[in-house]
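In: Any chance you could fold what I've pasted below:
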Amino acid sequence: MQIPKLSELEGLFHSISESEDGNLSYFFNGQAADKNNVFENRKKFFEIIGIDINKTIGIWVEGEDRVLVVDPMQAGISMTDKEHAVRCDALITNKKNLYLFLLIADCLPVILYDPTKQVLGIVHVGWRGADLEIVKKTLNHMEEVYGTDPKDLIIGFGPSARKESYIKENPSQKDDLKWKDFLEEVSDGKFKVDVSGFCRQQLLDLGVLKGNIFDCGIDTISDIRFFSHYRQNKLAHTNQGRFACVVSLV
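Out: Next up, the predicted model:
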């Protein structure tokens with residue numbers, strides 16, 4: 001699938017896998033997946049979207065706020081050997097035809113595209129990453145390295161856990177004022193969490209134009225087309241997985 005509006009942009013490629021494409025992660029929930037099966041799933045998905053795995057960089061998410069500039073030398077090997085996957089939560093680049101591969105299951109994938117400077121960023125935003133303002137730090141890094149102006153950015157929000165479904169019990173940020181508008185108590189000690197709203201506000205505060213933020217609006221917890229750690233974590237290991245968000249400048 002693609003995020004509406006982003007698919008219309010010249011210079012940007014993006015594609016998001018679905019559960020029917022199979023699990024695309026070698027390792028999740030503390031367990032190793034069947035490597036051969038994962039590689040076959042990746043191979044089939046890449047054939048469908050027309051991507052060369054040797055031009056693709058795989059990200060190993062850390063759940064922190066580390067932003068890196070892409071190293072083209074990591075293409076290929078980071079997709080076939082998890083030990084060589086790039087350990088970070090955001091990658092930025094100005095290299096064309098170099099694909100960035102991010103695995104997701106409820107966390108928010110954010111695409112940052114600067115059509116003026118021809119710069120691209122992909123961000124994994126989990127609960128901790130959101131609190132550490134990983135989106136803000138990624139945008140700031142794009143400004144510092146490539147001279148990106150926030151007003152030029154076009155943003156895409158992919159499928160993720162959404163407020164109406166994402167409930168946390170006694171979240172550590174419940175008394176943090178910056179989260180005030182993005183946590184809603186629904187019962188004693190249980191809160192709805194609006195990660196996408198929190199990230200959207202960070203972008204607006206930095207000068208990104210409201211009309212340049214495009215959200216697919218898909219809730220991974222309720223939409224069975226996508227893997228969801230929140231929904232599936234009690235299922236057998238073979239019935240769980242991760243889907244991918246793949247982006248590139250073209």
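
In: hang on, Gly241 is in a helix, isn't it?
Out: No - assigned with DSSP: H, G, I helix; E, B strand; the rest coil, Gly241 falls outside any helix and is coil.

In: number of nearby residues for it?
Out: 25 (other CB atoms under 10 Å). (Glycine included, C-beta is placed from N, CA and C.)

In: Go ahead and confirm it touches Leu24.
Out: Yes - counting by CB atoms under 8 Å, Gly241 touches Leu24, with 7.1 Å between them.

In: Got the phi and psi for the residue lying farthest from the centre of the chain?
Out: Residue farthest from the centre of the chain, counting by CA atoms, centre = their mean, is Asp188 at 31.0 Å. Taking degrees, to the nearest 10, you get phi -60, psi 110 for the backbone angles of Asp188.

In: Name the single longest helix found in this structure.
Out: Ranked by residue count, the top helix of the chain under DSSP state H comes out as helix 35-49.

In: May I have the following helix or strand past it as CSV, with CA atoms only?
Out: Per DSSP states H and E, the first helix or strand lying C-terminal to helix 35-49 is strand 56-60. Provided in CSV are the C-alpha atoms of strand 56-60 (Å, rounded to 0.1, in the frame of the first residue of the first chain):
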residue,chain,number,x,y,z
THR,A,56,18.4,-1.5,0.1
ILE,A,57,19.5,-0.6,3.7
GLY,A,58,17.9,-2.4,6.6
ILE,A,59,17.3,-0.7,9.9
TRP,A,60,17.6,-2.4,13.3
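
In: Now do strand 56-60 and helix 35-49, the angle between them.
Out: For strand 56-60 against helix 35-49, the angle by axes from the mean of the first three to the mean of the last three CA atoms, to 10 degrees is 130 degrees.

In: pLDDT weak spots in the chain?
Out: Scanning the chain for pLDDT under 70 picks out 29.

In: How far does stretch 6-25 sit from its chain's centre?
Out: With CA atoms, centre = their mean, to the nearest Å as the basis, stretch 6-25 stands 11 Å off its chain's centre.

In: Which residues belonging to it are considered buried?
Out: Going by neighbour count (16 or more other CB atoms under 10 Å), the buried part of stretch 6-25 is 6, 12-19, 21-25.

In: So which of these sit within helices?
Out: Going by DSSP H, the helices hold none of those.

In: Next, give me the two most distant ones among these.
Out: Leu12 and Asn23 (26.4 Å; CB to CB).

In: Tell me the bridge partners for the residue nearest the centre of the chain.
Out: A centroid search over the chain (CA atoms, centre = their mean) returns Pro109, at 2.1 Å, as the residue closest to the centre. For Pro109, the beta-bridge partners are His124 (DSSP bridges).

In: Would you mind measuring from it to Lys174?
Out: 26 Å (CB to CB, to the nearest Å).

In: likewise Ile111?
Out: From Ile111 to Lys174 the distance is 30 Å (CB to CB).

In: So for these two, which sits in the more crowded spot?
Out: Higher neighbour count among Ile111 and Lys174: Ile111, with 24 against 14, using other CB under 10 Å.
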